[in-house]
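> Predicted model and sequence below, questions to follow.
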Amino acid sequence: MRIVVLAGGIGGARFLRGLKVAAPDADITVIGNTGDDIHLFGLKVCPDLDTVMYTLGGGINEEQGWGRTDESFRVKEELAAYGVGPEWFGLGDRDFATHIVRTQMLAAGYPLSAVTEALCERWQPGVRLIPMSDDRVETHVAVELDGERRAIHFQEYWVRLRASVAAEAVVPVGAEQAKPAPGVLEAIAAADVVLFPPSNPVVSVGTILAVPGIREAIAEAGVPVVGLSPIVGDAPVRGMADKVLAAVGVESGAAAVAEHYGSGLLDGWLVDTVDAGVVDRVTEAGIRCRAVPLLMTDEDAAAQMAREALRLAEEVRA
Ligand code: GDP
Ligand code: CA
């Protein structure tokens, strides 16, 4: 079975770990979000690609959900001693090596997709990880700061401000001109099923779908497309997804997110058991829906979610 997954960071990575257990023989291609990418200290940092790579490769800091295990921050301390920031973005010593290798390869002329493949040689994530695009896409968030309307980088909004001010708009800058990376459209066309993990519907899955051609390829593939709600009981499980949902006019709820994707794209949707009350509403929107436990408390729970998603896909296909 060939499975394509559109993934952000933590939610995507933890789901993928479960999917590998649930479908050990499947050929899994992950299309990763690069809208979160940022240049820091002259280095290219790809937080979502790295979270997937480290999580599946066994190098992730489990509690945090991002960054490396057994991490230290000596380089960052030294940079701070020079007065060189930003201080609000956590980059550990071990993590720095990844960004140095990536930046060096990009400077040598390799596209991000080739660089990602090279980094995965070390991590052996057990999936094919492809960035959504080799072109630069950067998510910016329009906010009002000190009475002035400004567009700031998504990471500044998310990490520095912790989404503490209202997001007035979320714009994937560069997405319109971006081309899907080599292999992305081919993987979708060859897929037996496409899954949307419980990733952020706006700044992760939404950004991937904003690259021209990707949404169309999924809709035209004619295979089941099944998603899992990142919203459980009206609130994101982790993080502040509600803040960016508000910016695109979507209420923070499991049904609203399904309707936001729409029946033109989505065939099936899993909501958590606490949201069983919205199953009818999603069904009425033309999307097959079921309520199952959706908390990835451990790998077994994530694997069970993946089994449910694949089962729903089979029902859609039948
Ligand atoms: P990010 O790039 O690290 O923000 O990660 P993603 O975009 O992949 O995922 C973030 C989303 O995952 C958040 O909106 C969370 O609500 C959701 N999420 C995280 N853990 C869980 C979980 O255990 N269950 C569900 N249903 N959603 C989760
Ligand atoms: Ca992210």
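Structure's in. What do you need? Ligands and ions are numbered 1, 2, ... in the order given.

> use CA for all of it now, contacts and neighbours both
OK.

> who in the stretch 1-150 of the chain is up against ligand 1?
Counting by C-alpha under 6 Å from any ligand atom, the stretch 1-150 of the chain comes close to ligand 1 at Ala7, Gly8, Gly9, Ile10, Gly11, Gly12, Asp48.

> State the distance from Pro111 to ligand 2.
21 Å (C-alpha to the ion, to the nearest Å).

> Quick check: the two most widely separated of the residues of the stretch 1-150 of the chain next to ligand 1?
Gly11 and Asp48 (10.0 Å; C-alpha to C-alpha).

> For the stretch 151-300 of the chain, which segments are assigned as strands?
169-173, 193-196, 225-228, 231-232, 235-236, 268-271, 288-291 (DSSP state E, counting those that start in this stretch).

> got these as TSV, with mean neighbour count and distance to ligand 1 columns?
Listed next are these as TSV, based on neighbours: other C-alpha atoms under 10 Å; distance: least, C-alpha to the nearest ligand atom, whole Å:
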stretch	mean neighbour count	distance to ligand 1
strand 169-173	20	14
strand 193-196	24	10
strand 225-228	27	7
strand 231-232	23	5
strand 235-236	18	3
strand 268-271	28	8
strand 288-291	22	11
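
> export those to JSON lines and tack on distance to Arg128?
Formatted as JSON lines, those follow (distance: least, C-alpha to C-alpha, whole Å):
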{"stretch": "strand 169-173", "distance to Arg128": "24"}
{"stretch": "strand 193-196", "distance to Arg128": "14"}
{"stretch": "strand 225-228", "distance to Arg128": "19"}
{"stretch": "strand 231-232", "distance to Arg128": "27"}
{"stretch": "strand 235-236", "distance to Arg128": "28"}
{"stretch": "strand 268-271", "distance to Arg128": "24"}
{"stretch": "strand 288-291", "distance to Arg128": "28"}
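
> Any stretches of the protein with poor pLDDT?
Applying pLDDT under 70 to the chain picks out no residues at all.

> max-length strand in it?
Secondary structure assigned by DSSP state E gives strand 138-145 as the longest strand of the chain.

> could you say what helices and strands that one packs with?
The helices and strands touching strand 138-145, judged by 3 or more C-alpha pairs under 8 Å, 6 or more residues apart in numbering; DSSP states H and E, are strand 148-153, helix 154-155, strand 169-173.

> contacting residues around stretch 111-119?
Leu49, Thr98, Arg102, Met105, Leu106, Leu129, Ile130, Pro131, Ser133, Asp134, Ala181, Pro182 (C-alpha atoms under 8 Å, 6 or more residues apart in numbering).

> Now for the nearest residue to Pro212 once chain neighbours are set aside: which residues touch it?
For Pro212, ignoring the flanking residues on the chain, the nearest one in space by C-alpha to C-alpha, 6 or more residues apart in numbering is Glu176 at 6.3 Å. By C-alpha under 8 Å, 6+ apart, Glu176 lies in contact with Ala210, Val211, Pro212.

> Quick check, the first one in contact with Gln177.
No - shown here, Ala210 and Gln177 do not form a contact pair, counting by C-alpha atoms under 8 Å, at 10.1 Å.

> Those two: who's more crowded?
Ala210 (19 against 12; other C-alpha atoms under 10 Å).

> That one and ligand 2, how far apart?
As judged by C-alpha to the ion, Ala210 and ligand 2 stand 15 Å apart.
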